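Participant: this one's sequence-less:
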């Protein structure tokens, strides 16, 4: 498995000095693409997409993985990311693809990469991406990621929708149920979100294929590093809290859980006592997520 | 008694602030130790935003040195931005450490590192949010000791009333000495209470409240003297004499948030004897002490491996001056050739050799920009500041740089230096044009660029310019405007030359705090109460506020803002920091000041590493000596690598 990572840039801009190892460090081709499912948990839910990307670039180097680099003046490690959960939102189902210049064992990569990342950015599963017709066992066969047929072309088009869980502190489940029923009965739910580029108008209703309120919830206690980001559960344990579950399509422009909460607030006066805690539980095809039930 | 995390109270606030990731900790390399297993607990504070404070070498070194010891615990805390400050006040959340979110008020020590005086108001924010009384005199045994260090602490007088203890010089051994004293005092049953501890600490550091200051009627200081027995009349700095014995940071803290320096930095030597008269760092960190090539090599290898950073910085005040810099550069470049680890020398002198080094280090690729600091625009000016760079040197250096493939050269200058006239600053425009012309000639291309970066000079304590009058901000601004005009005047060059400048007003406030005495503490407090935060950040700084607060706080005094800044001092005046000893002979500094402004032309001081000692006084006063190689050792690439690679 010994494989020096001679993955330097194509042109070093330097004359040959006759020293050993002076052949131009041509970009090594990727021979393996691995799909990584990872979680953003606990305090790390506050990491942005860019923060997560930096952590992975460093994690890959710390783990000593033979990552492929892009060609060009400033080579970048070849890691492609599926649309990440927004800053502040936890996730159990984030995806990225690594391009490697030497074949690696998936379980080993999973273990080494997870050990090299900060706690809370946790690698859950690593599997080989399907490469055209000659692909290896599909993840479904291995009981891997829900509905994910990863492809080597780094597109994540098959990730059609996400299942979300939203904890609403200070909201009575009955009130939440009423709001949800009202929301689902509507034909559309126009909301506005303030973005860097100004106010964006979205139809929050159109993206929602399933939504319900989790019953028999309140389970206070140490949810240490649970998917919801943990320690808050202890605080909110005393008061009511409603938990929403929903399946939301990945539309363009994207409808985020916060947009749906905006609609619930504006239309049904659903206002949590402190910021809601949102977790992405799964990503996959529409059929798989809706068929999954709860 | 265990201390509870404030995170449950903080967490609901985080979705409401900008870049919440900076407040959650959890970085690779960070350490959380058991509270009850430690008997001395430090909260280390860099009083600026996390993105600036995290990469700070001083904090990272002390964090590791302290956490390596059994029974000692160290965590980090930074100044929170005003958006979170407001929410913390509203919700009663105290200043916290990012490591375990423990309240800063529960620690034994709050250690604050001051790289710049502009962070003084941030100190007050940290103290206030921590629930620590702002004034040392109002604190009890229930409060942490507030200990300051860092370069600005060489004149801590403007913040003396807010500090309990000040450490001068290198921190590695000092923090351990202080830790031992605190532990012994605790084990002995805290004899004498807080004052008893401070009296013990006064033997190893400066305890401002054990000194009184007397003033003349005209406002000058008449004397600074100990007000109780057992307190020394002067306090000396610490000097670490064997950098190989202190190879820190070994396990750098790797932020998840974006920070200003994203690299692993290794200090290749400490101190500088180039003798640039404006440079406080070069004066207070003497003598030069090199880290050996082998220690540097293993630190780089281990640090890169532990952190996953893809850039290594070889730090020092003038990195090319290491006696084995060529070997270091060649060997490290060999080791990392073909990997994507980049190497850089952040601080280089104007010298063609530096270009050779930079070429060597950038073998791997990126050859974007090189930075040089002639500091003075005219040759006369550079003599005054003892930065002996001729125009020829500069042109030869930049020609070599452009010819080796560098496309952009940055040139750093200062404005408002002693004896400076308009034409000295305008000379920068001529110089920049010659640089571009030389670059075009060397490369035959027109797409090369140079950026002129310039800021106002602030005279600093413990330098030959400590007596100088600071240039008025209006004069600085007028010269900067004139330079901008001159740079743009010539169409053939206008687009090839970039221009960045810092206006003069913040420099005057920095000057007030740099050379201020204890009366300036009132100004800082007034400005902070008026809302001053993050004064080092242009968008937060308000000159109007500082002027107004200085006027109010100094109303009853015979001194004012101008008295502290634009006034020249004479030999006999007692300077606020005269009782704090950086080892420099005051008479040598004075003579060097006179030499710099001599009407017949400034006298030159050579570097004592290569010429006989010129008796600045540091080595005999501190019992230290210059420590330089060469060692004759080389780095073995096979032992250091591979860093990036499969197994």
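Facilitator: Yep, it's here. Owing to the predicted nature of the structure, the values given are computational and were not obtained by experimental measurement. Numbering: from 1, shown residues only, chains lettered A, B, ... in the order given.
Participant: how about stretch B:312-323: buried residues?
Facilitator: B:312, B:313, B:314, B:315, B:316, B:317, B:318, B:319, B:320, B:321, B:322, B:323 (16 or more other C-beta atoms under 10 Å in any protein chain shown). From N, CA and C alone the C-beta is placed, and that goes for glycine too.
Participant: contacting residues for the closest residue to residue B:65 other than its chain neighbours?
Facilitator: Spatial nearest neighbour of residue B:65, chain neighbours left out: residue B:172 (5.5 Å); criterion: C-beta to C-beta, 6 or more residues apart in numbering or on different chains. Neighbouring residues of residue B:172 by C-beta atoms under 8 Å, 6 or more residues apart in numbering or on different chains: B:61, B:62, B:65, B:240, B:246, B:248.
Participant: do the same with residue A:205
Facilitator: Counting by C-beta under 8 Å, 6+ apart, residue A:205 has contacts A:183, A:186, A:187, A:188, A:189, A:263.
Participant: Pull out the buried positions in stretch B:389-400.
Facilitator: Of the residues in stretch B:389-400, B:389, B:391, B:393, B:394, B:395, B:396, B:397, B:398, B:399, B:400 count as buried by neighbour count, 16+ other C-beta under 10 Å.
Participant: At the contact with chain B, which residues of the stretch 51-200 of chain A appear?
Facilitator: Contact residues, the stretch 51-200 of chain A versus chain B (C-beta under 8 Å from any C-beta of the partner chain): A:51, A:54-55, A:57-62, A:64-67, A:69, A:73-75, A:77, A:87-88, A:100-102, A:104, A:116-121.
Participant: Got the domain ranges for chain A?
Facilitator: Here the domain parsing of chain A from automatic domain parsing is A:32-134, A:161-291.
Participant: Determine which stretch of these is the most buried.
Facilitator: domain A:32-134 (a mean of 20; mean count of other C-beta atoms under 10 Å in any protein chain shown).
Participant: Please enumerate the strands of the stretch 1-150 of chain A.
Facilitator: A:3-4, A:32-40, A:79-81, A:90-100, A:121-128 (DSSP state E, counting those that start in this stretch).
Participant: looking just at contacts, which helices and strands does the second one meet?
Facilitator: Read it as strand A:32-40. strand A:90-100, helix A:106-116, strand A:121-128 (3 or more C-beta pairs under 8 Å, 6 or more residues apart in numbering or on different chains; DSSP states H and E).
Participant: Go again with 6 Å.
Facilitator: When contacts are defined as 3 or more C-beta pairs under 6 Å, 6 or more residues apart in numbering or on different chains; DSSP states H and E, strand A:32-40 packs onto strand A:90-100, strand A:121-128.
Participant: Mean pLDDT and distance to residue B:630 added to the ones you listed, as JSON lines?
Facilitator: As requested, these are exported to JSON lines (pLDDT from 0 to 100; distance: least, C-beta to C-beta, whole Å):
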{"stretch": "strand A:90-100", "mean pLDDT": "96", "distance to residue B:630": "42"}
{"stretch": "strand A:121-128", "mean pLDDT": "96", "distance to residue B:630": "44"}
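Participant: Let's have these in a markdown table, adding distance to residue A:166.
Facilitator: As requested, the helices and strands packed on strand A:32-40 are exported to a markdown table (distance: least, C-beta to C-beta, whole Å):
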| stretch | distance to residue A:166 |
| --- | --- |
| strand A:90-100 | 11 |
| strand A:121-128 | 21 |
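Participant: Of the ones you listed, which is nearest residue B:583?
Facilitator: Of all those, strand A:121-128 sits nearest to residue B:583, with 47.4 Å by C-beta to C-beta.
Participant: Partner strands of that closest one, with direction?
Facilitator: Using DSSP bridges, the strands paired with strand A:121-128 are strand A:32-40 (antiparallel).
Participant: Report the closest residue of chain B relative to chain A.
Facilitator: Nearest residue of chain B to chain A (C-beta to the nearest C-beta) works out as residue B:308 at 3.2 Å.
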